[in-house]
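Participant: can you look at this prediction? I've put the sequence above it.
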Amino acid sequence: MKREEALACVQEQLTEQRYIHTVGVMETAVKLAERFGADVKKAETAAIFHDYAKFRPKEEMKQIILDVGGPLEVLDFHHELWHAPAGAALVKTEVGITDEDILSAIRFHTSGRPNMTLLEKVIYVADYIEPGRRFPGVEEVRTLAEEDLDSALIQALKNTITFLISKNQAVYPETVATYNALVNDRH
Ligand code: DGI
Ligand code: FE
Ligand code: FE
């Protein structure tokens, strides 16, 4: 699918602000893919569609996750996490994207997972550092992403986990497992 066609398709699903975020993620993902040797076209497509399901009703996302068989555990955690697996399923059925590399980059863009592919890492980090992001610590992750994708990813996960804990929110075990796997890899 051409870039303009994909953008027009996702624009219908999103608010203006979320669409601007999506364009930021797309531009950032393309740069990271070029820098770290990921498939640039797949990075572009995954970024464009990564938040496709963001505004679907909770009940619809839940039903989709039940229909595709999981991950069921995510349903016990905050519904903000659901748009990633639900989005991967919807992009397949509604948009017709069947490339598993792209679908898994969408599926794991919020939690990550142990043993992430290069494309999954590119999308996770691009989502975190796109130019519209303003949260504390983002600048450090941007700097790390100039040189070392894994370091940027670890720092982004650390910030996310710390933020959730500071808000007395539960941390989805897959997010912690992603962090643990990356840190253990380094020893
Ligand atoms: O969809 P975006 O806002 O672009 O970004 P995202 O897909 O990374 O989703 C971020 C939201 O998900 C944010 O509100 C924090 C939440 N989140 C991410 N990881 C976890 C989480 N929430 C819980 N409860 N547990 C997690 O591990
Ligand atoms: Fe998201
Ligand atoms: Fe996003």
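Facilitator: Thanks, I have it. Numbers count the residues shown, from 1 in each chain. Ligands and ions are numbered 1, 2, ... in the order given.
Participant: so how far is the helix or strand hosting residue 24 from its chain's centroid?
Facilitator: Per DSSP states H and E, residue 24 falls inside helix 16-36. How far helix 16-36 lies from its chain's middle: 11 Å, per Cα atoms, centre = their mean, to the nearest Å.
Participant: residue 30 is in contact with residue 48, correct?
Facilitator: No. Between residue 48 and residue 30 there is no contact under Cβ atoms under 8 Å: 10.4 Å. C-beta coordinates here come from the backbone N, C-alpha and C atoms, glycine included.
Participant: looking at these two, which one has more neighbours?
Facilitator: Neighbour tally, residue 48 and residue 30, criterion other Cβ atoms under 10 Å: the higher count belongs to residue 48, 27 against 19.
Participant: wait, what's in contact with that one?
Facilitator: Counting by Cβ atoms under 8 Å, 6 or more residues apart in numbering, residue 48 touches 3, 6, 7, 10, 22, 26.
Participant: 6 Å instead?
Facilitator: Contact analysis of residue 48 by Cβ atoms under 6 Å, 6 or more residues apart in numbering lists 6, 7, 10, 26.
Participant: pLDDT wise, what is the third one at?
Facilitator: The one in question is residue 10. pLDDT recorded at residue 10 is 98.
Participant: relative to residue 36, how far out is it?
Facilitator: Applying Cβ to Cβ, to the nearest Å, the value for residue 10 to residue 36 is 24 Å.
Participant: more crowded one of those two?
Facilitator: The neighbour count for residue 10 versus residue 36, taken as other Cβ under 10 Å, is higher for residue 10 (23 against 18).
Participant: tell me which element that one falls in.
Facilitator: Judged by DSSP H and E, residue 10 forms part of helix 3-11.
Participant: do that helix and ligand 3 meet?
Facilitator: No. Helix 3-11 lies out of reach of ligand 3 by Cβ under 5 Å from the ion, never closer than 11.2 Å.
Participant: select only the buried ones of the contacts of residue 48 in ChimeraX?
Facilitator: Entered in ChimeraX, the line below selects the buried ones among the contacts of residue 48, by 16 or more other Cβ atoms under 10 Å:
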select :6,7,10,26
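Participant: could you count how many residues lie near residue 57?
Facilitator: Residue 57 has 9 nearby residues by other Cβ under 10 Å.
Participant: what's it in contact with, if anything?
Facilitator: Contacts of residue 57 (Cβ under 6 Å, 6+ apart): none.
Participant: tell me the pLDDT of it.
Facilitator: Value listed for residue 57 in the pLDDT field: 98.
Participant: can you check residue 87 too?
Facilitator: 98.
Participant: same check, this time on residue 50
Facilitator: 98.
Participant: how many other residues sit next to it?
Facilitator: Residue 50: 30 neighbours (other Cβ under 10 Å).
Participant: related to what we said a few turns ago, by how many degrees do the helix holding residue 10 and helix 16-36 diverge?
Facilitator: 140 degrees (axes from the mean of the first three to the mean of the last three Cα atoms, to 10 degrees).
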